[in-house]
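Colleague: mind folding the following:
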Amino acid sequence: MGTAETAKGITAERTRLARLPQLRHWITLPLVLAVLIVAAGWTIRSTPAFTAADLSVDATLSHHHTPPRTAVALLINVVFSPVAGVVMIAGICLFLLLVRRSPVNAFATGVVAAGSWVSSELFKLVVARHRPDSAALFDPITPEPGTDSFPSGHTALAVALVIAMFLLARGTRWQWPVLVAGTAIAVTVALSRVYLGVHYPTDVAASFLTSLTGASFFTGLWNRYGLAVLARMPFLARLGPVPAPAS
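Modeller: Numbers count the residues shown, from 1 in each chain. So this is what the prediction gives:
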């Protein structure tokens, strides 16, 4: 392979996220999904039978706490906390920007990961579901009162990172390993939140839906405006290739 072909291949790799896969109706469908998720959240919140069934799972797990499981759950609680989430996303973006010399990949990854994750906070505010009552648990480890139970922010963060990393690995030999390993991590985070008794099962299940809904919107938003925004920051070209936005 000649020098020109090699340079072209490097440029293509550094700009591989210039165009992300997106829904055809990337505004309408996420909006419809968001409304359905909120409606489900309100229904679950206002139906005692749902809460009782949810709480029974937390209460049952509370009887089966062991030191190793608790240590893992508490570690996950820290690793996927809001502060750690900001650090992780920023770290990934800076690595792609400064080490991999890929401004496009860095910003696209940041938009999808942060957008998918932060979307969960909007659902928390709108649904305003109370967290599980720690008094109903046999062994409450880290009681977290409040009305921000639906969905789980920790789980939403894990799912958002999986989505972003899958898009970054898409089309490479790492695509499926990233998806499988990432999904396993996201499920583990979800289970840990129920194990600790700080979220209901329906909270963590909803987190997968909220992150996917957020990602489906922000991928379309990136495709529409991403390169145009980067074009207004000419200094980025010193760090790596930035293709011109499509006219």
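
Colleague: and the longest helix along the chain, which residues are buried?
Modeller: Using DSSP state H, we find that the single longest helix of the chain is helix 201-231. For helix 201-231, burial by neighbour count (16 or more other CB atoms under 10 Å) applies to 201-223, 226-227, 230. All C-beta spots, glycine's among them, are computed from the backbone N, C-alpha and C.

Colleague: what does the pLDDT read for the residue lying closest to Val178 once chain neighbours are set aside?
Modeller: Leaving aside its sequence neighbours, Val178 sits nearest to Ala169 (CB to CB, 6 or more residues apart in numbering; 4.3 Å). Here the pLDDT value assigned to Ala169 is 95.

Colleague: repeat that for Ala246.
Modeller: pLDDT for Ala246: 76.

Colleague: which residues does it contact?
Modeller: Leu227 (CB atoms under 8 Å, 6 or more residues apart in numbering).

Colleague: three-state assignment of it?
Modeller: coil (DSSP: H, G, I helix; E, B strand; the rest coil).

Colleague: re the thing from before, the residue nearest to Val178: neighbouring residues, count only.
Modeller: 17 (other CB atoms under 10 Å).

Colleague: then the one 10 residues further on?
Modeller: A total of 16 residues lie near Leu179 under the criterion other CB under 10 Å.

Colleague: how far away is it from His199?
Modeller: 24 Å (CB to CB, to the nearest Å).

Colleague: same question for Ser119.
Modeller: For Ser119, the distance to His199 - CB to CB - is 17 Å.

Colleague: show me which of the two is the more surrounded one.
Modeller: His199 (30 against 24).

Colleague: now the helices for the chain?
Modeller: So, for the chain - with DSSP H - the helices run 3-14, 28-46, 48-62, 67-79, 82-94, 103-127, 153-169, 175-195, 201-231.

Colleague: would you indicate which residues of the second one are buried?
Modeller: Pointing back at helix 28-46 there. Residues of helix 28-46 classed as buried: Pro30, Leu33, Ala34, Ile37, Val38, Ala40, Gly41, Ile44, Arg45 (neighbour count, 16+ other CB under 10 Å).

Colleague: the nearest residue to the last one once chain neighbours are set aside and Gly146: what is the separation?
Modeller: The shortest distance from Arg45 to any residue other than its chain neighbours is 4.4 Å, reached at Arg129 (CB to CB, 6+ apart). Counting by CB to CB, the gap from Arg129 to Gly146 is 10 Å.

Colleague: those two: which is more packed in?
Modeller: Set Arg129 next to Gly146 and count neighbours by other CB under 10 Å: Arg129 wins out with 25 against 11.

Colleague: what stretches of the chain score poorly on pLDDT?
Modeller: Low-confidence segments of the chain (pLDDT under 70): 1-7, 9, 247.

Colleague: hmm, try it at 90
Modeller: Within the chain, the ranges that satisfy pLDDT under 90 run 1-13, 142-147, 234, 237, 244-247.

Colleague: with adjacent residues omitted, what lies nearest to Ala114?
Modeller: Nearest non-adjacent residue to Ala114 (CB to CB, 6+ apart): Ile89, at 5.6 Å.

Colleague: neighbours around the one you found, how many?
Modeller: Number of residues near Ile89 (other CB under 10 Å) recorded here: 20.

Colleague: now do the one 10 residues further on
Modeller: Neighbourhood size, Val99 [other CB under 10 Å]: 9.

Colleague: residue contacts, it?
Modeller: Listed by CB under 8 Å, 6+ apart, Val99 has no contact partners.
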